[in-house]
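[1] Can you look at this prediction? I've put the sequence above it.
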Amino acid sequence: MTATTGQALCPYIEVASMEKRFDPLWHVVGYKRAVFDRGREYRVPPADSTVQSVTVLEHDYPVVDGSPRHFIIHRVEHCKDEVARWQV
């Protein structure tokens, strides 16, 4: 039936009731930013088996015998992690 006249909209469908309904709407925004430093150890293989040490920026690094042979550089990584999230 229509809301005003009470007549059937269709011979097969009849509206039993009408109502206004308000559902809550949620809108959430989140943002995270982290700036940090962390120590890291880089294991670098030398070019061939004759290399005994490597000089990088006036600092000597001895080649370590192991599997595989490598030299170790200790460095600090400067990191930034940003995450934004929206949810409706």
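    Yes, it's here.

[2] give me the low-pLDDT residue ranges for the protein?
    The chain contains residues with pLDDT under 70 at 1-10.

[3] let's go with 90 and repeat that
    For the chain, the stretches flagged by pLDDT under 90 are 1-28, 49, 65-67, 85-88.

[4] Just the strands from this structure, written as ranges.
    For the chain, strands defined by DSSP state E occupy the ranges 28-44, 53-56, 59-62, 71-87.

[5] Contacts for the third one, please.
    Around strand 59-62, the neighbours that count as contacts under CB atoms under 8 Å, 6 or more residues apart in numbering are Gln52, Ser53, Val54, Thr55, Phe71, Ile72, Ile73. C-beta coordinates here come from the backbone N, C-alpha and C atoms, glycine included.

[6] Could you give the number of residues near the nearest residue to the fourth one once chain neighbours are set aside?
    For Thr55, ignoring the flanking residues on the chain, the nearest one in space by CB to CB, 6 or more residues apart in numbering is Tyr61 at 7.5 Å. Counted with other CB atoms under 10 Å, the burial measure for Tyr61 works out to 16 neighbours.

[7] 18 is where my numbering starts, stick with that
    Sure, I'll start counting at 18 from here, so that last one is Tyr78.

[8] Quickly list what Tyr78 is bridged to.
    Val71 (DSSP bridges).

[9] Distance to Lys37 added to the strands of the chain, as CSV?
    Below are the strands of the chain laid out as CSV (distance: least, CB to CB, whole Å):
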stretch, distance to Lys37
strand 45-61, 26
strand 70-73, 73
strand 76-79, 75
strand 88-104, 26
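
[10] Can you tell me how far the nearest residue to Ala101 once chain neighbours are set aside is from Ile90?
    Nearest non-adjacent residue to Ala101, counting by CB to CB, 6+ apart: Tyr48, 4.9 Å away. To Ile90, Tyr48 is 35 Å away according to CB to CB, to the nearest Å.
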